[in-house]
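**Q** I would like the atomic coordinates for the input below:
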Amino acid sequence: MGTNTLHITNGDSLTHRIKELNLVEGEFLVWREMLCEGPAEIKVETESSIKKRKAFLKKYYRIPVEDYEEKFISQLKKLDDLQAYDEIILWFEYDLFCHVNMISAISLLMRKGIGEIPVYLVCSGRVEHEKRLFGLGELSDSQLKKHYNDRIKLTLDDLELAAYVWTLYCESNPKKIAGQIKKHSSFEYLSICLRAHLQRFPNMLTGLNVLEHNILEMVDTYDIKNIKQLMGYTLEYQGYYGYGDMQMKRVLARLFQFLDQTKDRLQLSERGKLALQHKKNFYNTQILDWYYGGVKKYDYLYNDETHTLLKL
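**A** Here you go, the predicted model:
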């Protein structure tokens, strides 16, 4: 008798690829969410959480509420009979986008009561003989198979850590997350993703976060012709965030006051120069009712010297 496996994947593209390769057998649950942005509650499956997520995605990303039911909530129903599975395999990448979704999925599994069901992780990132990090979808067929064969069995400590970090993410005090950065676990990229998350809060000197500052630095350093080309740069060199086109468009739209488009190239405006040189604080021009999990982005400031958060 074969093993009945549940694969929880990070998206449709990877799911289709895995199926086309006949890499594995089993049931697939596609985690179609982007919980690294917007309000989030610990219990993603509750009516309260679903209502918040629908409102956020409709307001900021114009995603119809019925799509959320069809594409995400319907997938969660596959966990109603969790004991039908002999093993669970998580397919998530090295970046913050994927890691927030992953710890949310693990939290849900723990609430459902996985008992003795083994949970494995297939996580992309560093590849032998390569300098940059790779997403699962960027791996060659042989590399993807190797990642699957080298999947990591998560311990109970790993699962409890992930569920606890998700709880902290959904609370209103992100300073607690800093205490989890140095925790040892089987999640190779969790610590650096948590650091990247804390750096999403506005810098105490400029009111811009690390990603926004890095984008201004790109414009100042490279010969970038226009916003479209800048979009390509930001997607390619965003580090550990894992943002897609929709999210990056929102980031860039918030930076227009710091940019000037000339005939030949995109360049920094006077405001952009002041921000990049840390000579003026633009917090008041940037403030927005924007959530990361359980906390408002502009309720905290990031100190890049001490790598700590300060509550306003």
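**Q** and the helices in the stretch 151-300 of the chain?
**A** With helices called from DSSP state H, counting those that start in this stretch, the stretch 151-300 of the chain shows them at 156-169, 190-198, 210-221, 227-236, 245-253, 270-276, 283-286.
**Q** reformat those as CSV; add distance to residue 99, mean pLDDT and mean neighbour count.
**A** No exception for glycine: its C-beta is placed from N, CA and C like everyone else's. As requested, these are exported to CSV (distance: least, C-beta to C-beta, whole Å; pLDDT from 0 to 100; neighbours: other C-beta atoms under 10 Å):
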stretch, distance to residue 99, mean pLDDT, mean neighbour count
helix 156-169, 9, 97, 19
helix 190-198, 4, 97, 21
helix 210-221, 16, 96, 18
helix 227-236, 18, 95, 15
helix 245-253, 15, 95, 14
helix 270-276, 28, 97, 18
helix 283-286, 25, 94, 14
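**Q** can you list those helices in TSV and add distance to residue 294?
**A** Formatted as TSV, the entries for the helices of the stretch 151-300 of the chain read as follows, by distance: least, C-beta to C-beta, whole Å:
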stretch	distance to residue 294
helix 156-169	7
helix 190-198	12
helix 210-221	21
helix 227-236	27
helix 245-253	19
helix 270-276	28
helix 283-286	21
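**Q** can you report how many residues lie near the residue lying closest to residue 194 once chain neighbours are set aside?
**A** The spatial neighbour of residue 194 that comes closest, neighbours along the chain excluded (C-beta to C-beta, 6 or more residues apart in numbering), is residue 181 at 5.0 Å. By the measure other C-beta atoms under 10 Å, the count of residues near residue 181 is 16.
**Q** I figured residue 215 hits residue 255, correct?
**A** Yes - taking contacts as C-beta atoms under 8 Å, residue 215 lies within contact range of residue 255: 6.2 Å.
**Q** got a list of what residue 304 touches?
**A** Taking C-beta atoms under 8 Å, 6 or more residues apart in numbering as the contact definition, residue 304 lies against 199, 203, 210.
**Q** hmm, I was thinking of residue 273
**A** For residue 273, the contact set (C-beta under 8 Å, 6+ apart) comprises residue 220.
**Q** 23 is where my numbering starts, stick with that
**A** Yep, numbering from 23; the last one is residue 295 now.
**Q** now do it against residue 237, distance only.
**A** Counting by C-beta to C-beta, to the nearest Å, the separation of residue 295 from residue 237 is 14 Å.
**Q** please report how far the residue nearest to residue 216 lies from residue 330.
**A** 11 Å.
**Q** can you list the buried residues in stretch 142-161?
**A** Buried residues in stretch 142-161, defined by neighbour count with 16 or more other C-beta atoms under 10 Å: 142, 143, 144, 145, 146, 147, 149, 155, 156, 157, 158, 161.
**Q** show residues contacting it.
**A** Residues from elsewhere that reach stretch 142-161, judged by C-beta under 8 Å, 6+ apart: 32, 35-36, 39, 109-117, 124, 165-166, 169-170, 173-176, 208-211, 264.
**Q** buried among these? Make that a ChimeraX selection.
**A** The ChimeraX selection below is limited to those of those classed as buried (16+ other C-beta under 10 Å):
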select :32,36,39,109,110,111,112,113,114,115,116,117,124,165,166,169,170,176,208,209,211,264
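**Q** in strands only, show me the contacts of stretch 142-161.
**A** When the contacts of stretch 142-161 are checked against strands (DSSP state E), the matches are 109, 110, 111, 112, 113, 114, 174, 175.
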